[in-house]
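Colleague: What follows is a predicted protein model with its sequence.
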Amino acid sequence: MKLVILDRDGVINKDSDHFIKNPDEWIPIAGSLEAIALLNQHGFRVVVATNQSGVARGLFDMVTLNAIHDKMHHAVAQVGGRIDAIFYCPHAAVDNCECRKPKSKMIEDIGHRFSIDLNNVAAVGDALRDLQAFANVGCQPMLVKTGKGKQTLGAGNLPKDTLVFANLAEAVDYIIEHH
């Protein structure tokens, strides 16, 4: 089985410093939904791994988070794509949980759920914590310059062998060609 792991905010949809708090604030980045559909057409399963500390902060509840994800699933389906699963961490950084990226438990859980060795699995994020969580379990970290990506690239200290792309569509072209 071929698998790709994607961060959500800043990779699939536009990010906000004030959090994506309702379905109306979830706005796809141009080309991202079609990129997911292209992965599916080439036999890849797509899983989202996202920190959602807005839940712990009381900015939105689980019903709202599910509504945001329903909108994302529907939007991807409209262009012929599919997201196989969404893994999320609802905790705040102060909770010191094991699932919040940059820790890797959420990514490990994806490997267990899909019974796949995560070595060299393509994993796309826009923040250092995404790349660290991916690299710690052997995934191929890929940084996109959308969302917080440009700031992440500028700050440096990326995990070894991180690949950098303009956006998800460019990363997907690479993944299809090389994985």
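Modeller: Ah, there it is. Just so we're clear, the structure is a prediction, and the values are computed from it rather than from any experiment. Residues are numbered from 1 along each chain as shown.

Colleague: Output the contacting helices and strands for the lengthiest strand in the chain.
Modeller: Longest among the strand segments of the chain by residue count, using DSSP state E, is strand 44-51. Based on contacts counted as 3 or more CB pairs under 8 Å, 6 or more residues apart in numbering; DSSP states H and E, the elements that strand 44-51 packs against are strand 2-6, helix 32-41, strand 85-89, helix 105-113, helix 128-136. From N, CA and C alone the C-beta is placed, and that goes for glycine too.

Colleague: and those as TSV, adding distance to D17, mean neighbour count and mean pLDDT?
Modeller: Rendered in TSV, the data for the helices and strands packed on strand 44-51 read as follows (distance: least, CB to CB, whole Å; neighbours: other CB atoms under 10 Å; pLDDT from 0 to 100):
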stretch	distance to D17	mean neighbour count	mean pLDDT
strand 2-6	20	24	98
helix 32-41	19	21	98
strand 85-89	19	18	98
helix 105-113	22	18	98
helix 128-136	15	23	98
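
Colleague: got CSV for these, with distance to A122 too?
Modeller: Below are the helices and strands packed on strand 44-51 laid out as CSV (distance: least, CB to CB, whole Å):
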stretch, distance to A122
strand 2-6, 5
helix 32-41, 9
strand 85-89, 16
helix 105-113, 12
helix 128-136, 9
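
Colleague: looking at these, which is closest to V79?
Modeller: V79 lies closest, by CB to CB, to one member of the helices and strands packed on strand 44-51: helix 32-41, at 4.8 Å.

Colleague: any idea of the angle that closest one forms with strand 44-51?
Modeller: Direction vectors for helix 32-41 and strand 44-51, defined by axes from the mean of the first three to the mean of the last three CA atoms, to 10 degrees, enclose an angle of 140 degrees.

Colleague: which outside residues touch helix 32-41?
Modeller: Outside of helix 32-41, the residues within contact range by CB atoms under 8 Å, 6 or more residues apart in numbering are 4, 6, 11-13, 46, 75-76, 78-83, 167-169, 171-172, 175-176.

Colleague: ok, now stretch 138-152?
Modeller: Contacts of stretch 138-152 with the rest of the structure, by CB under 8 Å, 6+ apart, involve 5, 9-11, 14-15, 29, 107, 117-128, 130-131, 134-135, 153, 158-159, 161-168, 170-171, 174-175.

Colleague: what does stretch 157-169 give?
Modeller: Counting contacts by CB under 8 Å, 6+ apart, the residues outside stretch 157-169 that touch it are 6, 11-12, 29, 31-32, 34-36, 124, 128, 131-132, 134-135, 140-146, 152-153, 171, 174.

Colleague: hmm, 7 Å instead?
Modeller: Residues from elsewhere that reach stretch 157-169 (CB atoms under 7 Å, 6 or more residues apart in numbering): 11-12, 29, 31-32, 35, 124, 128, 131-132, 135, 141-146, 153, 171, 174.
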